[in-house]
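Engineer: coords below, sequence missing:
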């Protein structure tokens, strides 16, 4: 069996390359859109959904109004809101269908994915590209030795948490005070 | 605002240090316990729960029987099963209560956390320690400049996905064939 | 404020009428399809999803292999499986999209809804109709004095639990033994 | 196999008896507490949790701030909030542990259950009793011919939806306008 040392270096190494390939100007534009939005909706499937939930939770702690599509207490989307769609291929049927519907209500669409020429492209206001291999490998994507779309999901969490660090800095948030807004029934 | 470059280097750098501090022999023992288990249950709260769900999903793809505690179709735990408890502090009341209950049914307890002297210690069969700062900072933990327990949650995902890479190697799994077992209603 | 007595009689009365309007032969056909299926997938949104989850959980206790679409450990659907779609109007975009995809893999589609002439009709193998008012009121539906689609959701739970009673009878299950298969980490 | 007609009459008949045994003054006190609360938290496990989620969703539509414990964006509980605990036996370990914790923060506890002399009793401000059989049968409970705790779960949904009807009446809500607040990404 491969050693743990080799495995962790492989994972961290791939993440490091992937994060370094993300366009920093798009990241800043993304953050500006978060600050201008009234409400932030998020949608994804599988492990991508889980990492978006982690982002939704952190954004909520930082003072943003965030909702996963399908949440128990999901409100209606309006033209002052944004929908963040996580989908490597940009072809997952549910996210695509929801993005088109959100567009009809005037919501702005941010696509975090690897494929910039997907079914989501026509409705996307901003694409934040993590150029790594997902289900369908394309030539301009970074290949991974990890199973399935693991690298995309890891990069998604680390990108979103990097953005959280930037927001903490921008809002001059004192880290110690953050726990006050955290759920206390744990 | 801090630049994206600075933020991603901070995040990746902290993850790299955290992963390198995990005991490799414990990782191997953990993998052996996974292979010997009949069923694998997982529990955590908040973002820790989300990363454990990502692990449960990947383990399922790799051929293991995994269940989040509280799942719609969660079966009964027996003495041939293991419960993986994710909790930095080891003091979250729900995971602690569930771990004690699982112990009564003979389940083996694996604690992935940062605090080795917690309420979970008396029922734990194996502790996999990620020695990073969580809610309550202790002297033997790696400090983080990220909000709250972000570093623990990131390390948890990357550790579990490193383990997935090791399992793929150990089982001689062909990565391309993995998609056959993946949900196809997406 | 309306008295509790008046409110509960209104609710129970409406449920009683709704359940009595469901075609009993279709109910039996539905049960036969459940017994013939290898795996049972379920999908719905909002409160309908919640009641389907309750059904999935009960069917699991009764010995069926059930999965909510989107579950952590959802397997691939095949032509030996069925997909139960809960949707009053039959027009919810996600369930419709998933039903069409399931059809491509050969899965049989059961629609539990109120509108028999919806977008789901072309892919439906069996429709179990609860003819009550949902979002869009149609002439052949039973009107309700309750908010939104409450009556549909209540009828859905009570219909599914009536079916559970019939299955218990058909399988000669001893009720006391059922708890053995129930999750024990609660 | 039992006929559908017999099964639905059994289910509706049991629900009718159960709902009629609930103390109407306690129901009104419950509604008053809902109106006085700042935020409403809810917790339960298994199918009970699902029915509480259905209630949380409906209360949200009716203008209340509701949160399931464990939700992605769950805020901190304070002494102006209430926690609704659904548990037939009043002995489920997670709800009991959470109720005790909520009490420490000054939250008011409402227990909806069947057993009035449970571990929850010492921390409960109001008990709304549905006196039906759950896991452990007690003499003062209504027996059920349905599997497991089905009758409790059904009664819970129908009770909560009866309360929703009373709230609609009390707040003079126009039913048609309710859809405006409903999630529109479906």
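Structural biologist: That came through fine. Quick caveat, the model's predicted, so the values are computed rather than measured. Numbering: from 1, shown residues only, chains lettered A, B, ... in the order given.

Engineer: the longest helix in chain A is where?
Structural biologist: helix A:150-170 (DSSP state H).

Engineer: what secondary structure does residue A:42 sit in?
Structural biologist: Recorded secondary structure, residue A:42: strand (DSSP: H, G, I helix; E, B strand; the rest coil).

Engineer: so it bridges to which residues?
Structural biologist: Under DSSP bridges, the beta-bridge partners of residue A:42 are residue A:68, residue A:84.

Engineer: List the residues that contact residue A:147.
Structural biologist: By CB atoms under 8 Å, 6 or more residues apart in numbering or on different chains, the contact list for residue A:147 reads B:58, B:61-62, B:164-165, B:168, B:173, B:175, B:178. Bear in mind the C-beta positions are built from the backbone N, C-alpha and C, glycine included.

Engineer: tell me the SS of residue A:77?
Structural biologist: Assignment for residue A:77 (three-state DSSP): coil.

Engineer: Neighbours of it, how many?
Structural biologist: 26 (other CB atoms under 10 Å in any protein chain shown).

Engineer: Enumerate every residue touching it.
Structural biologist: A:39, A:41, A:83, A:102, A:105, A:107, D:184-185.

Engineer: Output the contacts of residue A:147 as CSV; include the columns distance to chain A.
Structural biologist: Below are the contacts of residue A:147 laid out as CSV (distance: CB to the nearest CB, whole Å):
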residue, distance to chain A
B:58, 7
B:61, 7
B:62, 7
B:164, 6
B:165, 4
B:168, 6
B:173, 8
B:175, 6
B:178, 6
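
Engineer: okay if I get the residues you listed as a markdown table plus distance to residue B:97 and neighbour count?
Structural biologist: What follows is those, written out as a markdown table (distance: CB to CB, whole Å; neighbours: other CB atoms under 10 Å in any protein chain shown):
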| residue | distance to residue B:97 | neighbour count |
| --- | --- | --- |
| B:58 | 27 | 25 |
| B:61 | 30 | 23 |
| B:62 | 29 | 19 |
| B:164 | 29 | 23 |
| B:165 | 33 | 20 |
| B:168 | 34 | 22 |
| B:173 | 36 | 16 |
| B:175 | 39 | 12 |
| B:178 | 35 | 16 |
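
Engineer: number of nearby residues for residue A:63?
Structural biologist: By other CB under 10 Å, the burial measure for residue A:63, its neighbour count, is 11.

Engineer: should've said residue A:106
Structural biologist: Residue A:106: 11 neighbours (other CB under 10 Å).

Engineer: what's the answer for the one 3 residues further on, then?
Structural biologist: By the other CB under 10 Å criterion, the neighbourhood of residue A:109 contains 21 residues.

Engineer: what sits against it?
Structural biologist: Per CB under 8 Å, 6+ apart, neighbours of residue A:109: A:82-83, A:85, A:99, A:102-103, A:120, A:123-126.

Engineer: Recalculate using a threshold of 6 Å.
Structural biologist: Shown in contact with residue A:109 (CB atoms under 6 Å, 6 or more residues apart in numbering or on different chains): A:83, A:99, A:123-125.

Engineer: Residue A:112 now?
Structural biologist: Applying CB under 6 Å, 6+ apart, we find residue A:112 in contact with A:86, A:128.

Engineer: quick one: it from chain B, how far?
Structural biologist: Distance from residue A:112 to chain B, counting by CB to the nearest CB, to the nearest Å: 14 Å.

Engineer: isn't there a strand covering that residue?
Structural biologist: Yes: under three-state DSSP, residue A:112 falls within a strand.

Engineer: gap between it and residue A:35?
Structural biologist: 17 Å (CB to CB, to the nearest Å).

Engineer: do residue A:12 as well
Structural biologist: In terms of CB to CB, residue A:12 sits 31 Å off from residue A:35.

Engineer: hang on, the earlier thing: inside helices: which ones of the contacts of residue A:77?
Structural biologist: residue A:102.

Engineer: What is the burial count for the closest residue in space to residue A:86 that isn't next to it in sequence?
Structural biologist: Once flanking residues are discounted, residue A:86 sits nearest to residue A:44: 3.5 Å by CB to CB, 6 or more residues apart in numbering or on different chains. Residue A:44 has 26 neighbours, counted by other CB under 10 Å.

Engineer: check whether the one helix or strand residue A:60 maps to contacts chain B.
Structural biologist: In this assignment (DSSP states H and E), residue A:60 forms part of helix A:46-61. Yes: with CB under 6 Å from any CB of the partner chain as the measure, helix A:46-61 is seen reaching chain B through A:47, A:50, A:53-54, A:57.

Engineer: who in chain A is up against chain D?
Structural biologist: Residues of chain A found near chain D (CB under 6 Å from any CB) are A:53, A:56-57, A:60, A:68-69, A:72-74, A:76-77, A:98, A:101-102, A:183-185.

Engineer: Would you agree the residue nearest to residue A:86 is in contact with residue A:52?
Structural biologist: Yes: between residue A:44 and residue A:52 there is a contact under CB atoms under 6 Å: 4.6 Å.

Engineer: Quickly list what's touching both of the two.
Structural biologist: residue A:86.

Engineer: Burial check on the nearest residue in space to residue A:3 that is not next to it in sequence, number of neighbours?
Structural biologist: Take residue A:3 and drop its neighbours on the chain: the residue closest to it by CB to CB, 6+ apart is residue B:24, 6.8 Å away. For residue B:24, the neighbour count with other CB under 10 Å is 13.

Engineer: how near is residue A:96 to residue A:102?
Structural biologist: Counting by CB to CB, the gap from residue A:96 to residue A:102 is 11 Å.

Engineer: okay, these two: which has more neighbours?
Structural biologist: residue A:102 (24 against 21).

Engineer: Look at residue A:177 and report its pLDDT.
Structural biologist: pLDDT for residue A:177: 84.

Engineer: quick revisit: so if I had to pick from residue A:12 and residue A:35, which one is more boxed in?
Structural biologist: residue A:12 (21 against 10).

Engineer: give the contact list for the more buried one.
Structural biologist: Residue A:12 neighbours (CB under 6 Å, 6+ apart): residue B:16.

Engineer: Centre of the chain to the helix or strand encompassing residue A:33, how far?
Structural biologist: Taking DSSP H and E as the criterion, residue A:33 maps to helix A:24-36. Counting by CA atoms, centre = their mean, to the nearest Å, helix A:24-36 is centred 12 Å from the centre of its parent chain.

Engineer: between that helix and helix A:46-61, what angle do the directions make?
Structural biologist: Orientation note: helix A:24-36 sits at an angle of 60 degrees relative to helix A:46-61 (axes from the mean of the first three to the mean of the last three CA atoms, to 10 degrees).

Engineer: What's the separation between the closest residue to residue A:163 other than its chain neighbours and residue A:170?
Structural biologist: The shortest distance from residue A:163 to any non-neighbouring residue, by CB to CB, 6+ apart, is to residue A:31 (6.2 Å). Separation of residue A:31 from residue A:170 (CB to CB): 7 Å.

Engineer: got it, and residue A:132?
Structural biologist: 27 Å.

Engineer: Please apply the same query to residue A:163.
Structural biologist: 10 Å.

Engineer: which one of the two has more residues nearby?
Structural biologist: Between residue A:163 and residue A:170, counting by other CB under 10 Å, residue A:163 is the more crowded of the two (24 against 14).
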